[in-house]
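Asks: what follows is a predicted protein model with its sequence.
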Amino acid sequence: MAALKLLFSSARRHSRLHPSPFLRSLSSESDQAPPPPLKPHHPLPIEPVSYAPKPKPDPAPSPQSAQPQPPPPSDLRRDSAGGESVRPWSREDARFVKDGPSITPVSYPARVAPLPEDKKAEEGGGGAREEELEREKQRIEQAKRRAFRLEDRLVVPFPTFIKVEKKERKPILDLMDAIRQVKVSVATAKCNFDETVEAHVQLGIDAKRNAVRGNMTLPHGSGKVVRVAFFSEGADADEARAAGADIVGGVDLVEEIASSRKLNVDKCFATNEMVMRLAKIARILRERGLMPDRKLGTVTNDIVGALQKVRQGHIEYKMDRTSIVHVGLGKVSFTEDNLRENVGAFMSSLLLAKPTGLKKSSKYAGYINSFHICSTMGSGFPVSIQSLSKAADNYNKMHLK
């Protein structure tokens, strides 16, 4: 540092005695007063720098003198020089002192859990205390039960398997045996009316993809009195009245049904000219399943033939959403042979309504899953497919030559 100061001072002295021509050109020529004379330069004195001598380390103490010094008193003491209060040393302070006094380690007695033998030794004078604690515990438990209404847990026996009573399946009967069983069940029930013999067929067809519907005429009739309404006008209306139609009318009948919303009939027919005028009451007829349809043969100009079919037992069937066909095939008062022929005629018509997409080795396999026959108020009896096939073949030989 002193050498730098000496260098700077000599540089300033040289610049004053010998100025550079560049600085003289920069000075203004118009200055009237001449520059002041330069003062003689005196060198600056150099001050010596001194450092304090490094203290020598204390000699290592001998083993005899390395005795642990007693810790300073715990209370605050006054310093003799300044009179300030000095705090006694702590463990944290002693960690940063190189030659500080050593601190004796602090030891605590080991904590040992009491053994059962020790408790028994101390039970001599604490029996009354334990009895009091036990009574207090019982009182607290009783209070909890009263507050939360806790009931004693019932001892539940080990669960055992309960055998489910399975309903015995009825044996599959021959068609004639099933008809006899239906007649016997009606005789024991003692009904006040002539029950209808019904057939319920479970089909193996998806109702969302295919539909099965058809119509046919039973060879021995259905035994049901059918009320018929015929929508026609003029000469067709007179012909329908002569053929035995219960209700006959044209536009006037349509207006009457639209106003009253009542029609007490079992089947409706219409001519080709009148079917277009039924749009006003189409919703009413569809709700009751009476809307005339060409596919079902209820829209026709053959009035006499259509009414004769109805009187002879013309029926319609349709598969419902669960792929089941429900149809009535006669009365219980019919003979067994007549009921058998009606069932055979229905099975023949049902086979004709089979969708073409089903490809099986047999005409019944995959199409008819089960067939049950019953009365109106009686239980059902399953019928074998073999006996149904025989009845259908017998009907085809007798009536479809």
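Replies: Yes, it's here. Residues are numbered from 1 along each chain as shown.

Asks: from here on, contacts and neighbour counts on C-alpha atoms
Replies: Noted.

Asks: how about F381, phi and psi?
Replies: With angles defined as degrees, to the nearest 10, F381 shows backbone torsions of phi -130, psi 130.

Asks: got any ranges where the stretch 1-150 of the chain has weak pLDDT?
Replies: Low-confidence segments of the stretch 1-150 of the chain (pLDDT under 70): 1-3, 11, 13-42, 44, 58-89, 91, 93-103, 114, 116-127, 147-150.

Asks: tell me the gap between stretch 213-230 and the middle of its chain.
Replies: Taking CA atoms, centre = their mean, to the nearest Å, the mean C-alpha location of stretch 213-230 is offset from the chain mean by 49 Å.

Asks: got the CA coordinates for it in CSV?
Replies: Output in CSV follows, covering the C-alpha atoms of stretch 213-230 (Å, rounded to 0.1, in the frame of the first residue of the first chain):
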residue,chain,number,x,y,z
ARG,A,213,-98.1,-63.1,-35.9
GLY,A,214,-100.8,-64.8,-37.9
ASN,A,215,-104.4,-65.7,-38.1
MET,A,216,-106.3,-68.9,-38.7
THR,A,217,-109.7,-70.6,-38.5
LEU,A,218,-110.1,-73.4,-36.0
PRO,A,219,-111.7,-76.5,-37.4
HIS,A,220,-114.1,-76.8,-34.5
GLY,A,221,-114.4,-73.2,-33.7
SER,A,222,-113.4,-71.3,-30.6
GLY,A,223,-116.7,-71.7,-28.8
LYS,A,224,-116.8,-68.0,-28.1
VAL,A,225,-119.7,-65.7,-29.1
VAL,A,226,-118.1,-62.9,-31.1
ARG,A,227,-119.6,-59.5,-31.6
VAL,A,228,-118.7,-58.0,-35.0
ALA,A,229,-118.8,-54.4,-36.3
PHE,A,230,-118.6,-53.8,-40.0
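
Asks: you'd agree F269 is in a strand?
Replies: Yes: assignment of F269 by DSSP: H, G, I helix; E, B strand; the rest coil places it within a strand.

Asks: give me the number of residues near it?
Replies: Other residues within reach of F269 by the criterion other CA atoms under 10 Å amount to 28.

Asks: measure it to F334 for me?
Replies: Look at F269 and F334: by CA to CA, to the nearest Å, they are 28 Å apart.

Asks: and if you look at P109?
Replies: Applying CA to CA, one obtains 112 Å for the distance of P109 from F334.

Asks: neighbour count: the two, which is higher?
Replies: Relative neighbour count places F334 above the other of P109 and F334, with 18 against 5, counting by other CA under 10 Å.

Asks: H314: neighbour count?
Replies: The number of residues packed around H314, counting by other CA under 10 Å, is 18.

Asks: next, find the distance separating it from E130.
Replies: On the measure of CA to CA, H314 and E130 end up 98 Å apart.

Asks: so Q202: helix, strand or coil?
Replies: Reduced to three states with three-state DSSP, the structure at Q202 is strand.

Asks: residues contacting it?
Replies: Counting by CA atoms under 8 Å, 6 or more residues apart in numbering, Q202 touches 323-325, 368-371.

Asks: kindly list the longest helix within the chain.
Replies: Of all segments of type helix in the chain, defined using DSSP state H, the longest is helix 127-148.

Asks: residue boundaries of the strands in the protein?
Replies: Using DSSP state E, the strands of the chain run over residues 77-78, 85-86, 196-203, 213-217, 228-231, 247-249, 267-270, 314-318, 324-331, 368-374, 381-382.
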